[in-house]
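Student: Quick one: sequence and predicted model below, then my questions.
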Amino acid sequence: MSWSLLEIIRNNPERLIDSVKKRNMDPSIVTEIVNADKEWRNKLNEINKLRHEHNTISSKIARAESKDKDELMRKAKEVLNILESKERELKDLEFKREQLLLTLPNLVSEISPVGDESASRTIKVVGKIKVYEGDKEAINLLKQLGGDYEITSWKAKGHAEMLENVLKYGNTLKAGEVTGSRFYYLFDDIVWLEFALLLYAMDQMTVKGYTLVIPPYMLKGEVIKSVIDLDTFKDAIYKVADEDLFLIATAEHPIAALHYNETIEAENLPEKFAGFSPAFRKEAGAANKDMKGIFRVHQFHKIEQFVFSLPETSEALHQELLSNAEEIFGGLGIPYRVIDIATGDLGACAYRKFDIEAWMPAQGRFREMISCSNCLDWQSYRMNIRFVDRKNNRKGYVHTLNSTAIASTRTITAILENYQTEDGVVEIPKVLRKYLELFTKAPKEFIYPRK
RNA sequence: GCCGGGAUCGCCUAGCCUGGUAGGGCGGCGGCCUGCUAAGCCGUUGGGGGAAACCCCGCGUGGGUUCAAAUCCCACUCCCGGCGCCA
């Protein structure tokens, strides 16, 4: 037995109750599980004794004189009769216990700020922020956070306006007509920009030794349900009709599934991946948020960082993923802040989470670009991914970590707002230019309005 | 899609016909022996319950037959080979 949450349920349920409370969830689930686990173990013990009795009788039959056989078989059947109903009870108890365990959210870090979304703590603000002189609220926020900002006399246009009306490289109206809202057509220079972003992130990640991977874009129900919590499943996941297949919402999930039901040798850990994939999201919980443009869409591309690690190295690797993400996003020259997500806003899988939010001059606020989580053994328990450390004669569940490296459409929105000039042109971030040089028709320094 | 072959405790493999404690080799770990290494010998090396002694479950998955299933029966999954179809 080595799943950390089960150990806590048996040895220190108070810790878990505290953790669940910090998520603003009902802690009675914990006592419910403690009891369900006890009941299950008691029943299991009872049954093990009966099975032993049955096995003993049964093995005697093989060696018995034929005149004794009938009597022994009668006894064996008698025990089986009792076992039958008890095994049904055990199955029920086990199912109940397992269902309850699967509803449990992860432990939360002692360091995470406690409270709802508003309690999330800004760790740092990086880059030179442009803020319009009329955006008083934004200026106040920046003063409060201690960000380095300059006041501009003109107000940047929103990314949707830039994309569709100024540059004319996007069409969400037609996509809405033929597919639905939150879909888009992108053209020419923005397509080149998207590919440059993805190549840039792939380049950075592979230089750091991460293994590049294109995972399956669909997963079986059993697998995808084991890697995410039920809320995310309901809000985000598309199902393929008439198949037991689901479109992935991030490469995180199929990369985690790379070791589904496997045991990894400790000497091979950590395993680090940079995965490319499209991401399909229903955005069911998002109602009317961000309906304009391509900030919140049903389909985009992403390079995702994913790590399988030993328990003792996951906190350090979490910092590594964050610093990779900062290097990539910061390298674009877009001002951002890093926030330490509060306990009430973590999501069931995460033990601790950092977000990187870009400054959006037109909106006068920071918006999420990157999310970087340490899931400890929450996912690996559900996916049954273990490690074995033969040198130290030790076994357990691996820790999993994930972070965006780059998310295509969101990053494009940040570029459109931060790199636009007063005359409606968008400069291309310097780090992306070498990935555009290769292509004859790709834009090189600026994106000009489409003719 | 069709036909045939296959899936055994980390790896390799025996056992299946003929139901009765899953055996051997390699590798790992621990120990003994040893000037050191190697060899050799002993133990251990899937999951779970138990403070422990110990016990239960496990031979791709799920059912069935039986006192008893790796072994017999049914269904499914995946892999290999051949044929067909196809970007």
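Tutor: Yep, it's here.

Student: hey, where'd the helices end up in the stretch 51-200 of chain A?
Tutor: Along the stretch 51-200 of chain A, the stretches classed as helices by DSSP state H, counting those that start in this stretch are A:66-103, A:136-145, A:159-161, A:172-178, A:188-207.

Student: give the contact list for the closest residue to residue A:251 other than its chain neighbours.
Tutor: Spatially, and ignoring its direct neighbours in sequence, residue A:251 is nearest to residue A:275 (3.5 Å; Cβ to Cβ, 6 or more residues apart in numbering). Every C-beta, even on glycine, is put in place using the N, C-alpha and C of the backbone. The neighbours of residue A:275, taking Cβ atoms under 8 Å, 6 or more residues apart in numbering as the test, are A:212-215, A:251-252, A:254-255, A:303-304, A:306.

Student: Residue A:213 too?
Tutor: A:251, A:255, A:258, A:273-276.

Student: And the residue nearest to residue A:69 when sequence neighbours are not counted, what's its pLDDT?
Tutor: In space, residue A:69 comes closest to residue A:61 once its chain neighbours are excluded; the distance is 5.8 Å by Cβ to Cβ, 6+ apart. The model reports residue A:61 with a pLDDT of 86.

Student: where's residue A:61 relative to RNA strand B, distance?
Tutor: 4 Å (Cβ to the nearest atom of the strand, to the nearest Å).

Student: That residue touches residue A:72, doesn't it?
Tutor: Yes - counting by Cβ atoms under 8 Å, residue A:61 does reach residue A:72; the two are 5.0 Å apart.

Student: okay, the helices of the stretch 51-200 of chain A in JSON lines with distance to residue A:2 next?
Tutor: Converted to JSON lines, the helices of the stretch 51-200 of chain A look like this (distance: least, Cβ to Cβ, whole Å):
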{"stretch": "helix A:66-103", "distance to residue A:2": "14"}
{"stretch": "helix A:136-145", "distance to residue A:2": "42"}
{"stretch": "helix A:159-161", "distance to residue A:2": "47"}
{"stretch": "helix A:172-178", "distance to residue A:2": "48"}
{"stretch": "helix A:188-207", "distance to residue A:2": "31"}
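
Student: Find the one among those helices with the highest mean neighbour count.
Tutor: Highest mean neighbour count among the helices of the stretch 51-200 of chain A (mean count of other Cβ atoms under 10 Å): helix A:159-161, with a mean of 22.

Student: Let me see the ranges of the strands in the stretch 151-300 of chain A.
Tutor: Ranges of strands in the stretch 151-300 of chain A, per DSSP state E, counting those that start in this stretch, are A:170-171, A:185-186, A:211-213, A:218-220, A:239-240, A:245-247, A:263-265, A:271-280, A:299-309.

Student: who's the closest residue to residue A:2 other than its chain neighbours bridged to?
Tutor: In space, residue A:2 comes closest to residue A:396 once its chain neighbours are excluded; the distance is 4.3 Å by Cβ to Cβ, 6+ apart. Counting by DSSP bridges, residue A:396 forms beta bridges with residue A:387.

Student: Can you check the pLDDT for residue A:396?
Tutor: Per-residue confidence at residue A:396 stands at 90 (pLDDT).

Student: Quick one: residues contacting it.
Tutor: Contacts of residue A:396 (Cβ under 8 Å, 6+ apart): A:2, A:311, A:377, A:386-387.

Student: That one and residue A:444, how far apart?
Tutor: 51 Å (Cβ to Cβ, to the nearest Å).

Student: still on that earlier bit, gap between the residue nearest to residue A:251 and RNA strand B?
Tutor: Noted for residue A:275: a distance of 20 Å to RNA strand B, by Cβ to the nearest atom of the strand.

Student: same deal with residue A:240?
Tutor: According to Cβ to the nearest atom of the strand, residue A:240 and RNA strand B sit 14 Å apart.

Student: That residue and residue A:247 touch, don't they?
Tutor: Yes - counting by Cβ under 8 Å, residue A:240 sits close enough to residue A:247 to count as a contact (6.9 Å).

Student: Near RNA strand B, which residues of the stretch 201-350 of chain A? Just list them.
Tutor: Contacts of the stretch 201-350 of chain A with RNA strand B, taken as Cβ under 7 Å from any atom of the strand, map to residue A:263.

Student: Next, the contact list for the closest residue to residue A:119 other than its chain neighbours, please.
Tutor: Of all residues not flanking residue A:119 in the chain, residue A:342 sits nearest, at 3.8 Å (Cβ to Cβ, 6+ apart). Going by Cβ under 8 Å, 6+ apart, residue A:342 touches A:112-121.

Student: repeat that for 7 Å
Tutor: By Cβ atoms under 7 Å, 6 or more residues apart in numbering, the contact list for residue A:342 reads A:112-117, A:119-120.

Student: Near residue A:316, how many other residues are there?
Tutor: For residue A:316, the neighbour count with other Cβ atoms under 10 Å is 10.

Student: is it fair to say it lies in a strand?
Tutor: No - counting by DSSP: H, G, I helix; E, B strand; the rest coil, residue A:316 is not found in a strand; it is helix.

Student: Show me the beta-bridge partners of the residue nearest to residue A:251.
Tutor: Bridge pairing for residue A:275 - DSSP bridges - gives residue A:213, residue A:304.

Student: What count of nearby residues applies to residue A:406?
Tutor: Residue A:406, neighbours per other Cβ under 10 Å, totals 28.

Student: so how far is whichever strand or helix holds it from its chain's centroid?
Tutor: Per DSSP states H and E, residue A:406 falls inside strand A:399-407. Computed by Cα atoms, centre = their mean, to the nearest Å, the chain-centroid distance of strand A:399-407 equals 7 Å.

Student: What helices and strands are in contact with the helix or strand following that strand?
Tutor: Next along the chain after strand A:399-407, taking DSSP H and E as the criterion, comes helix A:408-418. If you count contacts as 3 or more Cβ pairs under 7 Å, 6 or more residues apart in numbering; DSSP states H and E, helix A:408-418 packs onto helix A:159-161, helix A:188-207, strand A:299-309, strand A:352-360, strand A:365-374.

Student: Mean pLDDT for these - can I get that in TSV?
Tutor: Putting the helices and strands packed on helix A:408-418 into TSV (pLDDT from 0 to 100) gives the following:
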stretch	mean pLDDT
helix A:159-161	94
helix A:188-207	97
strand A:299-309	96
strand A:352-360	96
strand A:365-374	96
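
Student: And the closest residue in space to residue A:127 that isn't next to it in sequence, how far from residue A:325?
Tutor: Leaving aside its chain neighbours, residue A:127 sits nearest to residue A:335 (3.0 Å; criterion: Cβ to Cβ, 6+ apart). In this view, residue A:335 and residue A:325 are 15 Å apart by Cβ to Cβ.
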